[in-house]
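Student: Have a look at this prediction, sequence included:
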Amino acid sequence: MNIDDFVKQFPQKIKEIQDFAKGNDIKDIIGVEATNHFKESFQNEGFTDKNLEPWKDVKRRDPKSGWYGHSGQTGKFSEARTSAKILTGETRELQNSITYKYLSNGVRITSDKPYAGVHQFGLGAKIYGKKAFTMTARPFMGRSEVLIKNINSKIVRELKKIITK
């Protein structure tokens, strides 16, 4: 496209950029990138802001612990649990619960699991509803420079497509 064509198309390009910024396309970029980034925490066993911050290891992977190989599903020993990733569980329920919802001015990344905050912030809980303890905080969502950089790159890529088509 030459400069004269661009000048003629400029008002339409501005409208397309405004529609992109106000519509769900930009919200989908933010929501998908954030959801994927936060789900990666489970695979990475830690949260990435500027760098990966690994989570504290779990007792079920320590052969010296009474919790070694403990299965939260059965309450019994499970060989698979001795090496399973932290917070993945047998169902990956928490990881799979991360999603996003549209807001009027953006998106909200959420989990519908009531225990998500217990793991995220290290709150109080009960083992099998009986013995109280405080969970070790293992943040999997939050502000992240890497995530912001990825979102910005995707948005810039989409804006370039609008301008150059």
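Tutor: Good, I have the coordinates. Keep in mind the model is a prediction, meaning the values are calculated, not measured.
Student: Neighbours of residue 38, how many?
Tutor: Using other CB atoms under 10 Å, residue 38 has 23 neighbouring residues. Yep, even glycine has a C-beta here, placed from its N, CA and C like the rest.
Student: contacting residues around it?
Tutor: Residues in contact with residue 38, defined by CB atoms under 8 Å, 6 or more residues apart in numbering, are 98, 109, 140, 141.
Student: now for those, which pair is the farthest apart?
Tutor: Of all pairs drawn from the contacts of residue 38, the one with the largest separation by CB to CB is 109 and 140; the distance is 10.5 Å.
Student: Which one of the two is surrounded by more residues?
Tutor: residue 140 (24 against 16).
Student: related to what we said a few turns ago, just the ones in strands from the contacts of residue 38, please.
Tutor: Judged by DSSP state E, the subset of the contacts of residue 38 located in strands is residue 109.
Student: could the contacts of residue 38 be laid out in TSV, adding distance to residue 74 and pLDDT?
Tutor: Below are these laid out as TSV (distance: CB to CB, whole Å; pLDDT from 0 to 100):
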residue	distance to residue 74	pLDDT
98	25	98
109	31	97
140	25	97
141	29	97
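Student: Please give the element, helix or strand, for the most centrally placed residue in the chain.
Tutor: Residue closest to the mean C-alpha point of the chain, counted by CA atoms, centre = their mean, is residue 38 at 1.6 Å. Residue 38 belongs to helix 24-44 when elements are defined using DSSP states H and E.
Student: Give me the helices and strands touching the helix or strand just after that helix, please.
Tutor: Proceeding N to C from helix 24-44, the next assigned helix or strand is strand 46-48, under DSSP H and E. In this structure, strand 46-48 packs against helix 24-44, strand 52-54, with contacts taken as 3 or more CB pairs under 8 Å, 6 or more residues apart in numbering; DSSP states H and E.
Student: Looking at this protein, which residue reaches furthest from the middle?
Tutor: Of all residues in the chain, the one whose C-alpha sits farthest from the chain's mean C-alpha position, using CA atoms, centre = their mean, is residue 4 at 44.2 Å.
Student: Show me which helix or strand of the chain is least confident by mean pLDDT.
Tutor: Evaluated with mean pLDDT, DSSP states H and E, the helix-and-strand set of the chain has its lowest mean pLDDT in helix 3-22, which scores a mean of 86.
Student: Would you mark the buried spots in that one?
Tutor: Across helix 3-22, burial judged by 16 or more other CB atoms under 10 Å covers 16, 20.
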